[in-house]
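J.: no sequence on this one, just coordinates:
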């Protein structure tokens, strides 16, 4: 059987209506059930905010249930949806994607072509970028989703496999690393994950100029990944290693410059300050060079490049402390 459910966690963003409209318009066998999980905190979870989005579903509305997960993050929201699923396959979508016009047909074909030991099938993510100019730092970051492994923007799992590995780890509070953690546990349990042919569009949503600074919170999740999957988790997850070591070195140089200056050692402080300035300049240029280099973009990159190294270092250290007692997932599973 290749019946499937669709689970969509949402914060009732404006993109949800486009997501559901694309799903309703897609050709092919319809999902057995759609589980929309409202992950807004209870005081903010006004049901009226979902009425317009639900209205675009047409006859799929009668197959749709709306659940609340209380604002605990996308991992917890997906687990809430999973508990309501009765279909043999569970397809996860994010509320800011738009499935292709033949997505339902292609999904069923992807599932039909799986081997018995295939536990999941990943969709193909397309990120449209502006053609008239170079993409911004935020746009380039979003475009990286097109090559990412196992992202739940469009990911279908056997429902029984999800339950076997106990679903998503709710210690991941953001839409970051929770999908890689799940995939690694599925792979370690002996299942295969393959790439399908269905395509889903992931537009670049608007973001504030401080979005890159807020993203540094993900360094705490990287600390949890290390505890769960070991120091080589980067290679296991086929994930870029990132710049945390450079960020830590830049932060240490800046802190040393301030401490040495306060201690009355100006020459040593100047050398440390030079190291901080050189590291910060290299980081800023690496972000500015490939972009559009408008005044707004350059100013944003300069300011955030000063702030990101200490923010990243702080979040990494806080994650190491917060998750110091986390055991490797194999020990917990055993």
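T.: Okay, I see it. Note that the coordinates shown come from a computational prediction; the quantities given were computed from them, not determined experimentally.

J.: could you pull out the strands for the stretch 1-150 of the chain?
T.: Using DSSP state E, counting those that start in this stretch, the strands of the stretch 1-150 of the chain run over residues 4-10, 33-38, 64-68, 89-93, 98-99, 118-126.

J.: so for the residue in the chain sticking out farthest from the centre, what's the pLDDT?
T.: Within the chain, residue 264 marks the point farthest from the mean C-alpha position, 45.8 Å out by C-alpha atoms, centre = their mean. What the model reports for residue 264 is a pLDDT of 95.

J.: what of residue 1?
T.: At residue 1, pLDDT is 55.

J.: and the one 10 residues further on, by the same measure?
T.: Model confidence at residue 11, given as pLDDT, is 94.

J.: number of residues surrounding the closest residue to residue 35 other than its chain neighbours?
T.: What sits nearest to residue 35 in space, not counting adjacent residues and going by C-beta to C-beta, 6 or more residues apart in numbering, is residue 81, at 4.0 Å. All C-beta atoms are positioned from the backbone trio N, CA, C, and that covers glycine. Neighbours of residue 81 under the rule other C-beta atoms under 10 Å: 26.

J.: swap in residue 58?
T.: Per other C-beta under 10 Å, the neighbour tally for residue 58 reads 11.

J.: how about it, what does it touch?
T.: residue 24 (C-beta atoms under 8 Å, 6 or more residues apart in numbering).

J.: now do it, the pLDDT please.
T.: 95.

J.: start at 822, not 1
T.: Done: numbering now begins at 822, and the last item shifts to residue 879.

J.: how much space separates it from residue 1147?
T.: 45 Å (C-beta to C-beta, to the nearest Å).

J.: how about residue 975?
T.: The gap separating residue 975 from residue 1147 is 29 Å, by C-beta to C-beta.

J.: so which of those two has more stuff around it?
T.: residue 975 (25 against 16).

J.: quick check: the more buried one touching residue 946?
T.: Yes - counting by C-beta atoms under 8 Å, residue 946 is a contact partner of residue 975 at 6.3 Å.

J.: shared neighbours of those two, which are they?
T.: Taking C-beta under 8 Å, 6+ apart as the contact rule, residue 975 and residue 946 both touch 918, 1021.

J.: which strands and helices sit next to the lengthiest helix in the chain?
T.: Using DSSP state H to define each element, the chain has its longest helix at helix 1116-1143. Using 3 or more C-beta pairs under 8 Å, 6 or more residues apart in numbering; DSSP states H and E as the contact test, the elements touching helix 1116-1143 are helix 958-964, helix 1032-1035, helix 1039-1050, helix 1065-1083, helix 1087-1109.

J.: and it with helix 1039-1050, angle?
T.: Here helix 1116-1143 runs at an angle of 40 degrees relative to helix 1039-1050 (axes from the mean of the first three to the mean of the last three C-alpha atoms, to 10 degrees).

J.: just the buried residues of the following helix or strand past helix 1116-1143, please?
T.: As assigned by DSSP states H and E, the chain's next helix or strand after helix 1116-1143 is helix 1150-1154. Within helix 1150-1154, the residues scored as buried using 16 or more other C-beta atoms under 10 Å are residue 1150.
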